[in-house]
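> give the three-dimensional model of this entry:
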Amino acid sequence: MEIAALDRDARKRLLQMQLAEITESLIYSRLAETIKDEVNRHIVSDIARDEERHAAILQSYTKETVKPNMLKARWYALLAKALGFTFAIKIMERGEGQARDAYKKLSETIPEVQSIMLEEEKHEEHLIGMLDEDRLKFVGSIVLGMNDALVELTGALAGLTLAFNDMKIMVLAGLVTGISAALSMAASEYLSARADNEPKALRRALYTGATYLLTVALLVLPYLLFVGSANPAVDKWIAIGIMIGIVILIVAAFNFYLSVVRDYNFKKRFLEMAAISVGVAGLSFLVSMLLSMALGI
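A predicted model of the protein is given here:
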């Protein structure tokens, strides 16, 4: 069918599809060049060729050459570098799912559009399911480090907030507690992995310790900002409010990441983890208040 036989809306949709396909072909090609594992590189290269073929089919109808969206390509390259190629690819595929819904009308007049959509839904989903990114093997260690830091340090800082008015003491106590716990957790993770004959025990320990330390730094930051405050008795409550907000943001960001790369239920895991972290902080605050009353502090 010639493009002239199609209405203006159909033409616009075809050109949008062509732009999406040629852009995604470029993105997959660039990602493949950065992947060291041969199997993963081959899978991503196959997807790139599929996208290029789809763009060529659409071009046979539009009779136009479309240039890829370079800004989008750079964005996904940045995502892949920061959060891994699996995350970048799955986020991109989510966008494709939304686009496919908008293009269903074209399948009535152009059967090949429907075949492209079906191929992307089945073939590429299968290929993406085969991806085995190395960093995702250590998600358990990352969860361990972050979970423990959130639960332990939110509780400790909540208790310290009631007990002291000196921000320096709270920052010092928080950092000492956090750093000591991070080293302890990393050592425990290493010994546990070694006991299971895990060949990458040291790497697991490093992921656990590094995640713990990063979480500690983020949670102590609000208190650090108020060091030297003229009114610490009031500002410490602002600091704990900011800290709870940071806890919720960390939990939300991490669970969103897991919901993408592991297809987890975001809402369920987010609510569960946030409730535990905030609940422990509240319980620690209550215990601290009761101890202060009992000791007359």
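> make it CA atoms for all contacts and neighbour counts henceforth
OK.
> now do residue 18, the pLDDT please.
In this model, residue 18 is scored at 88, pLDDT.
> secondary structure element for it?
helix 8-34 (DSSP states H and E).
> ok, then the element right after that helix?
Next element after helix 8-34 (DSSP H and E): helix 38-62.
> residue boundaries of the helices in the stretch 51-200 of the chain?
Counting by DSSP state H, counting those that start in this stretch, the segments of the stretch 51-200 of the chain that form helices are 70-83, 85-102, 111-119, 125-129, 139-163, 167-195.
> stretch 255-270 spans what distance, first to last residue?
End-to-end distance for stretch 255-270, by CA to CA, to the nearest Å: 6 Å.
> show me the contacts for the residue nearest to residue 76 when sequence neighbours are not counted.
Nearest residue to residue 76 in three dimensions, chain neighbours excluded: residue 88, at 5.9 Å (CA to CA, 6 or more residues apart in numbering). Counting by CA atoms under 8 Å, 6 or more residues apart in numbering, residue 88 touches 76, 77, 79, 80.
> if we go to 6 Å?
Taking CA atoms under 6 Å, 6 or more residues apart in numbering, we find residue 88 in contact with 76, 79, 80.
> scan those residues and report the most crowded one.
Within the contacts of residue 88, most neighbours by other CA atoms under 10 Å means residue 76, with 22 neighbours.
> pull up the gap between that residue and residue 23, please.
Applying CA to CA, the value for residue 76 to residue 23 is 11 Å.
> kindly report the same for residue 262.
For residue 262, the distance to residue 23 (CA to CA) stands at 25 Å.
> settle it for me: which of these two has more neighbours?
Neighbour count, other CA under 10 Å: between residue 262 and residue 23, residue 23 has more, with 24 against 16.
> quick check, the more buried one in contact with residue 68.
Yes. Counting by CA atoms under 6 Å, residue 23 touches residue 68, with 4.3 Å between them.
> still on that earlier bit, from the contacts of residue 88, which is closest to residue 158?
The closest of these to residue 158 turns out to be residue 79 (CA to CA; 34.7 Å).
> with adjacent residues omitted, what lies nearest to that closest one?
Nearest non-adjacent residue to residue 79, counting by CA to CA, 6+ apart: residue 88, 5.6 Å away.
> roughly how far apart are that neighbour and residue 33?
14 Å.
> off-centre distance for stretch 28-44?
20 Å (CA atoms, centre = their mean, to the nearest Å).
> list the buried residues for that stretch?
28, 29, 30, 31, 32, 35, 40, 41, 43, 44 (16 or more other CA atoms under 10 Å).
> for the stretch 1-150 of the chain, give me the ranges with low pLDDT.
Residues of the stretch 1-150 of the chain that meet the criterion pLDDT under 70 lie in 1-7, 95-105, 107-109, 121-134.
> rerun that using 90 as the cut-off
For the stretch 1-150 of the chain, applying pLDDT under 90 flags the ranges 1-18, 20-21, 24, 31-51, 53-54, 57-65, 77, 79-150.
> could I get the pLDDT score of the residue nearest to residue 185 when sequence neighbours are not counted?
Nearest non-adjacent residue to residue 185, counting by CA to CA, 6+ apart: residue 209, 6.4 Å away. Per-residue confidence at residue 209 stands at 89 (pLDDT).
> doesn't residue 188 make contact with residue 209?
No. At 10.0 Å, residue 209 does not count as touching residue 188 under the criterion of CA under 6 Å.
> who has more neighbours, the two?
Between residue 209 and residue 188, residue 209 has the larger neighbour count (other CA under 10 Å), namely 28 against 15.
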